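**Student:** generate coordinates for the sequence data below:
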Amino acid sequence: MSLSHTLKAFEALDSAYATGKTVLDLLAPHDRSVRASMETIQGPRGKTDFVRIVVPGTEGKRKGGAAPTLGIVGRLGGVGARPTRIGLVSDGDGAVAAVAAALKLAGMAEQGDALPGDVIISTHICADAPTRPHQPVDFMDSPVDTETLNAHEVTPDMDAVLSIDTTKGNRILNHKGYALSPTVKQGYILRVSEDLVRIMEMTSGRPAVTFPITTQDITPYGNDVYHINSILQPSIATEAPTVGVAISTVTAVPGCGTGASDEADIAAVVRFVVEVAKEFGRGTCRFHDQAEYDRLVSLYGSMAHLQRQA
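**Tutor:** Reported below is the predicted structural model:
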């Protein structure tokens, strides 16, 4: 079960005093099974604490093994928008899910259920992030720019990336719960992973839900084109296949809205990413078909220029 870990993370981050150290303190009892670090970065609109948590696998790269490494990114602008909003904002769901997943994986390792591959979990904690206008509802902004977020949240040793982000401020995804994006790799939008669909249906007990993305969504922020949100911004910073895990609602909810986070939906995402981590490390979950990707590149050339700022 992941609900208890979700509630623990939720309560810790629903505070005006929440910082990266809050996350380190949560993980301190698990220091034998995880390695957690924090770095404070000052940006043009404030500061935030980047947190990185490494859960070593039994056959992972950190022990000299060959099992692949999964990256889990909790994507957000901030967990709070103080002083204009009091409490955890909807945009904070990605951070809550990432921290809860770290707690769950740490507990598993201590109970003898360490995974084969390494898992790297990253997010950032800012309790007083700015907001910005967006249609159809306002978004949260971030104290630092996208390039800085990616530099601290995406690492070269991630062989695949799950990017968890609140995706409620639109009229495209009208579903209560969570949904998966197609796989993105170096500027190509590929087919939705059959393995991820299978795992989603297994962990939810319901038909899988996916959401559409466009070329605009996989280009860097700041190029003056519309993005559904920042869920696929990690894809511009890596060669690894990247999939967005969107925590969603039926109606359009502002990212800076409070009282809008559903702990059951977040816990469902945690269950999903933990099961993906299990299967990815043992080689039974593929994010994309490498041969088909190579065929696309041979036919149409590289699309990696879409990862660069114009």
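**Student:** need the helices for the stretch 1-150 of the chain, in chain order.
**Tutor:** 3-13, 20-27, 93-110, 146-153 (DSSP state H, counting those that start in this stretch).
**Student:** deepest of the ones you listed, which one?
**Tutor:** The highest mean neighbour count among the helices of the stretch 1-150 of the chain, using mean count of other C-beta atoms under 10 Å, belongs to helix 93-110: a mean of 27. Heads up, the C-betas are built off the backbone N, CA and C, glycines and all.
**Student:** tilt between that one and helix 3-13?
**Tutor:** 130 degrees (axes from the mean of the first three to the mean of the last three C-alpha atoms, to 10 degrees).
**Student:** give the rounded mean pLDDT of helix 93-110.
**Tutor:** Averaged over helix 93-110, pLDDT sits at 97.
**Student:** elements contacting it?
**Tutor:** helix 3-13, helix 20-27, strand 46-55, strand 70-75, strand 119-125, strand 160-166, strand 242-248, helix 263-282 (3 or more C-beta pairs under 8 Å, 6 or more residues apart in numbering; DSSP states H and E).
**Student:** what mean pLDDT does the last one get?
**Tutor:** What that stands for is helix 263-282. Here the average pLDDT along helix 263-282 is 98.
**Student:** turn the helices and strands packed on helix 93-110 into a markdown table, columns for distance to Pro133.
**Tutor:** Shown next, in a markdown table, are the helices and strands packed on helix 93-110 (distance: least, C-beta to C-beta, whole Å):
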| stretch | distance to Pro133 |
| --- | --- |
| helix 3-13 | 25 |
| helix 20-27 | 28 |
| strand 46-55 | 18 |
| strand 70-75 | 20 |
| strand 119-125 | 22 |
| strand 160-166 | 17 |
| strand 242-248 | 21 |
| helix 263-282 | 26 |
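**Student:** identify whichever of the ones you listed lies nearest to Ala179.
**Tutor:** strand 242-248 (4.9 Å; C-beta to C-beta).
**Student:** strands along the stretch 101-250 of the chain, start to end?
**Tutor:** Secondary structure of the stretch 101-250 of the chain (DSSP state E, counting those that start in this stretch): strands located at 119-125, 131-132, 139-140, 160-166, 177-180, 184-185, 188-189, 242-248.
**Student:** so can I have JSON lines of those showing mean pLDDT?
**Tutor:** As requested, the strands of the stretch 101-250 of the chain are exported to JSON lines (pLDDT from 0 to 100):
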{"stretch": "strand 119-125", "mean pLDDT": "98"}
{"stretch": "strand 131-132", "mean pLDDT": "84"}
{"stretch": "strand 139-140", "mean pLDDT": "82"}
{"stretch": "strand 160-166", "mean pLDDT": "98"}
{"stretch": "strand 177-180", "mean pLDDT": "98"}
{"stretch": "strand 184-185", "mean pLDDT": "98"}
{"stretch": "strand 188-189", "mean pLDDT": "98"}
{"stretch": "strand 242-248", "mean pLDDT": "98"}
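**Student:** contact partners for the nearest residue to Ala109 once chain neighbours are set aside?
**Tutor:** Once flanking residues are discounted, Ala109 sits nearest to Ser33: 3.8 Å by C-beta to C-beta, 6 or more residues apart in numbering. Counting by C-beta atoms under 8 Å, 6 or more residues apart in numbering, Ser33 makes contact with Val55, Pro56, Ala106, Ala109, Glu110, Ala114.
**Student:** dig out what the closest residue to Ser181 other than its chain neighbours forms beta bridges with.
**Tutor:** Closest residue in space to Ser181, ignoring its immediate chain neighbours: Gly244 at 3.7 Å, by C-beta to C-beta, 6+ apart. Beta-bridge partners for Gly244, by DSSP bridges, are Ser163.
**Student:** distance of Gly244 relative to Ser163?
**Tutor:** Here the criterion is C-beta to C-beta, to the nearest Å. By it, Gly244 lies 5 Å from Ser163.
**Student:** hey, what's in contact with both of these two?
**Tutor:** Common neighbours of Gly244 and Ser163 (C-beta under 8 Å, 6+ apart) are Ile231, Leu232.
**Student:** adding distance to Ala100 and mean neighbour count, write the strands of the stretch 101-250 of the chain out as a markdown table.
**Tutor:** Below are the strands of the stretch 101-250 of the chain laid out as a markdown table (distance: least, C-beta to C-beta, whole Å; neighbours: other C-beta atoms under 10 Å):
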| stretch | distance to Ala100 | mean neighbour count |
| --- | --- | --- |
| strand 119-125 | 10 | 29 |
| strand 131-132 | 25 | 16 |
| strand 139-140 | 20 | 25 |
| strand 160-166 | 10 | 29 |
| strand 177-180 | 13 | 21 |
| strand 184-185 | 24 | 26 |
| strand 188-189 | 29 | 20 |
| strand 242-248 | 12 | 28 |
